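Peer 1: curious how this folds, go ahead:
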Amino acid sequence: MTASLSSLLWAFWYILPAYVANGSPVLLGGGPPIDGGRNWRDGRRILGDGKTWRGFFGGLACGTLTGVVQYFLTPGFYGDLRTAALLAFLLALGALLGDLIGSFLKRRANLPRGAPAIGLDQLGFLIAALALAYPVKTLSSGQIIFLLVVSPFIHWGANYFAYRMGWKSVPW
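Peer 2: Numbers count the residues shown, from 1 in each chain. As a prediction, this is how the structure comes out:
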């Protein structure tokens, strides 16, 4: 394996808690919406019914747990266990907050729940995850660019898979 390929694989390994956190609410969500059914100043829902507390905390737990498991699979990559758990928590939290921001912006644009927003849906979670995790451990600019390029394809593939499995009502 070349050094550059290894570097790109490590970038994927690094961001895995964010990917898991972003995808988990599809399976774990439901229940009361985070916005409590309230509307924003523009008369539209703040986030919508698709953003629930159960999905948020389930995603946060799954993403953090992913990082802890990664620590035991690749000791030293994340430093000590405390650092690994903190990094995974921040990546997961960032991914979920980025998704919430995207939902908020989609509601402001009057896009209905489930409507695609190219770029925002695929990269908002990633950018927020990278930003929150930056103080603990970051990637090189080449690794970040790699993730910005491949994440939309991974996101689209995961959504299509979830749609085919009946977990989502739309394939995007």
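Peer 1: in the protein, which helix has the most residues?
Peer 2: helix 81-108 (DSSP state H).
Peer 1: quick check: buried residues in that one?
Peer 2: Within helix 81-108, the residues scored as buried using 16 or more other CB atoms under 10 Å are 84-104, 106-107. In short, each C-beta sits where N, CA and C put it, glycine included.
Peer 1: can you check stretch 106-120 too?
Peer 2: Residues of stretch 106-120 classed as buried by neighbour count (16+ other CB under 10 Å): 106-107, 111, 120.
Peer 1: likewise for stretch 145-156?
Peer 2: Buried positions in stretch 145-156, judged by neighbour count with 16+ other CB under 10 Å: 146-147, 151, 154-156.
Peer 1: buried sites along the helix or strand hosting Trp13?
Peer 2: Secondary-structure element containing Trp13, defined by DSSP states H and E: helix 3-28. Judged by neighbour count (16+ other CB under 10 Å), helix 3-28 contains these buried residues: 8, 11, 14-26, 28.
Peer 1: which of those residues sits closest to Arg44?
Peer 2: For Arg44, the nearest member of these is Pro25. The distance, counting by CB to CB, is 21.0 Å.
Peer 1: I'd like the distance between that closest one and Thr52.
Peer 2: 7 Å (CB to CB, to the nearest Å).
Peer 1: same check on Asp42?
Peer 2: With distances taken as CB to CB, Asp42 is found 22 Å from Thr52.
Peer 1: wait, Ala21 touches Cys62, no?
Peer 2: Yes: under the criterion of CB atoms under 8 Å, Ala21 lies in contact with Cys62, with a separation of 6.1 Å.
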